[in-house]
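[1] next input, structure requested:
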Amino acid sequence: MRFVPNRFRAGALPFPGLDAMPFPAEDAAAVIALLARCPAHGVTPLAAAPDLARRAGVAQVLVKDERGRMGLGSFKALGAAHVIAADAVAANPEAPEGALAGTTYVTASAGNHGLSVAAGARVFGARAVVYLSEAVPEGFAERLRAKGAEVRRAGATYEDSMAAAAGAAQAEGMVLLSDSSWPGYSDKPHGVMAGYLALMAEVTAEIAEPPTHIFVQAGVGGLAAAVAAHARRVWGSGPVIAVVEPAAAPAIFAAIAAGTFVRAEGPVSSMGRLDCKEASLIALKGLARDADLILTVTEAEVAAAMPVLAAAGLATTPSGGAGLAALLALDPETRAALGLTETARVLAFLSEGPEE
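    Numbers count the residues shown, from 1 in each chain. All right, here's what the predicted structure looks like:
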């Protein structure tokens with residue numbers, strides 16, 4: 001495990017090169033109002049995990065469990081589907097169902113984002129095209145097809161498949177709906193990230209006492225940035241926010257350490273949903289303001305955590321349990337950097353269910 005303190009925290013220094021990018025949304029009110037119109041929506045559990053708290057040497061661990069979110073098995077259900085629903089309501093406020101007939105959304109996915117695009121498109125009469133890299137298992141491609149998506153393969157990495165999706169959007173007149181952002185492309189991913197605010201609004205409405213620490217995993221960074229932005233809005237500077245990335249894909253870690261956007265390098269990670277070598281620029285801008293430090297967790301540390309989580313009733317994938325794995329693997333130096341003591345109250349996220 002490695003960590004880097006965030007010297008940009010709370011605007012202590014401006015993070016360079018991101019002036020044109022918006023900060024992540026913070027207010028969940030509009031998202032909650034839109035979700036209220038969705039029959040598949042329901043609040044996911046916030047569960048105490050006393051066995052994990054004992055193992056981690058802290059007073060409390062609360063886990064926001066996203067495995068049942070809207071029948072799609074992941075927090076990602078809140079993102080792309082939120083954007084598509086907003087588009088449909090804008091097209092026909094009185095009857096949004098079917099309002100997007102003739103529209104095709106295209107994206108790249110390392111996992112659950114594609115399911116959200118496919119499900120949202122089907123509800124509102126649109127089509128979905130999802131690009132997958134060769135590293136994504138065929139079983140996931142079949143799940144996408146079952147939701148009505150057209151699946152296309154392109155490249156060896158997520159970044160390759162995203163480039164192919166962007167090219168197809170331009171060439172074929174499709175709407176690009178990425179969960180990442182880059183110069184000149186921010187509106188749709190900003191809406192995707194706003195959708196994730198719903199899960200944090202559920203937490204802040206339910207939790208009795210604010211956590212002292214938040215552990216949240218990151219791929220391109222959308223979930224982490226939304227969690228951090230809403231936590232700061234509601235709880236202020238109190239919680240220590242730790243962002244967890246695979247050691248093989250330290251995109252946010254590398255950017256914070258270098259003080260500028262960089263493309264991370266590393267091998268393929270078992271944390272496939274988090275195996276993203278380039279951070280979303282919106283997420284990076286938000287996390288530079290809101291996160292306290294960035295941790296990287298190794299393949300071995302995550303592998304060791306999987307049976308522990310399963311025994312605690314929290315079976316998941318390496319991606320879904322990366323934040324909890326980091327908590328369980330902390331060494332004394334990292335604990336000290338976090339200010340993590342036996343009185344700590346930790347909030348963490350189980351971001352997806354186990355592989356089917």
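[2] show me where the stretch 251-356 of the chain has helices.
    For the stretch 251-356 of the chain, the helices defined by DSSP state H, counting those that start in this stretch cover 251-258, 281-290, 299-311, 322-328, 332-338.
[3] so can I have a markdown table of the ones you listed showing mean pLDDT and distance to residue 266?
    For every residue, glycine as well, the C-beta is placed using N, CA and C. Listed next are those as a markdown table, based on pLDDT from 0 to 100; distance: least, Cβ to Cβ, whole Å:
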| stretch | mean pLDDT | distance to residue 266 |
| --- | --- | --- |
| helix 251-258 | 97 | 9 |
| helix 281-290 | 97 | 17 |
| helix 299-311 | 98 | 11 |
| helix 322-328 | 98 | 14 |
| helix 332-338 | 95 | 20 |
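[4] what's the closest of these to residue 233?
    helix 281-290 (9.6 Å; Cβ to Cβ).
[5] by contact count, what packs against the closest one?
    helix 187-206, helix 222-235, helix 251-258 (3 or more Cβ pairs under 8 Å, 6 or more residues apart in numbering; DSSP states H and E).
[6] could I get the helices of the stretch 251-356 of the chain as TSV with distance to residue 64 and mean neighbour count?
    Putting the helices of the stretch 251-356 of the chain into TSV (distance: least, Cβ to Cβ, whole Å; neighbours: other Cβ atoms under 10 Å) gives the following:
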stretch	distance to residue 64	mean neighbour count
helix 251-258	20	23
helix 281-290	17	27
helix 299-311	14	17
helix 322-328	10	28
helix 332-338	19	15
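[7] out of those helices, flag the one nearest residue 194.
    Using Cβ to Cβ, these put helix 281-290 closest to residue 194, at 10.2 Å.
[8] CA atoms only: put that closest one into CSV for me.
    Extracted in CSV, the C-alpha atoms of helix 281-290 (Å, rounded to 0.1, in the frame of the first residue of the first chain):
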residue,chain,number,x,y,z
LEU,A,281,-11.0,15.6,-15.3
ILE,A,282,-14.2,16.7,-13.4
ALA,A,283,-13.6,14.0,-10.8
LEU,A,284,-9.9,15.0,-10.5
LYS,A,285,-10.8,18.7,-10.0
GLY,A,286,-13.3,17.8,-7.3
LEU,A,287,-11.1,15.3,-5.5
ALA,A,288,-8.2,17.8,-5.5
ARG,A,289,-10.5,20.1,-3.5
ASP,A,290,-12.2,17.5,-1.3
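[9] show residues contacting that helix.
    Under the contact criterion Cβ atoms under 8 Å, 6 or more residues apart in numbering, helix 281-290 has outside partners 6, 8-11, 15, 18, 21-24, 181-183, 186, 189-190, 193, 218, 220-222, 224-225, 228-229, 231-232, 241, 243, 252, 255-256, 261, 294.
[10] can we see that at 7 Å?
    With contact meaning Cβ atoms under 7 Å, 6 or more residues apart in numbering, helix 281-290 is reached by 6, 8, 10-11, 15, 18, 21-24, 181-182, 186, 189-190, 193, 220-222, 224-225, 228-229, 232, 241, 243, 252, 255-256, 261.
[11] show me which of the residues you listed are buried.
    6, 8, 15, 18, 21-22, 24, 181-182, 186, 189-190, 193, 220-222, 224-225, 228-229, 232, 241, 243, 252, 255-256, 261 (16 or more other Cβ atoms under 10 Å).
[12] all helices for the stretch 1-150 of the chain, in order.
    Counting by DSSP H, counting those that start in this stretch, the helices of the stretch 1-150 of the chain are 29-35, 50-56, 80-91, 112-123, 138-146.
[13] rewinding a little: reformat the helices of the stretch 251-356 of the chain as TSV; add distance to residue 166.
    Formatted as TSV, the helices of the stretch 251-356 of the chain follow (distance: least, Cβ to Cβ, whole Å):
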stretch	distance to residue 166
helix 251-258	18
helix 281-290	15
helix 299-311	30
helix 322-328	27
helix 332-338	37
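[14] go through those helices and name the closest to residue 344.
    Between the helices of the stretch 251-356 of the chain, helix 332-338 lies closest to residue 344; by Cβ to Cβ that is 8.4 Å.
[15] find the residue at the geometric middle of this structure.
    Residue closest to the average C-alpha location in the chain (Cα atoms, centre = their mean): residue 223, at 3.0 Å.
[16] from what I see, that one and residue 196 are in contact.
    Yes: the criterion here is Cβ atoms under 7 Å, and residue 223 meets it with residue 196 at 5.4 Å.
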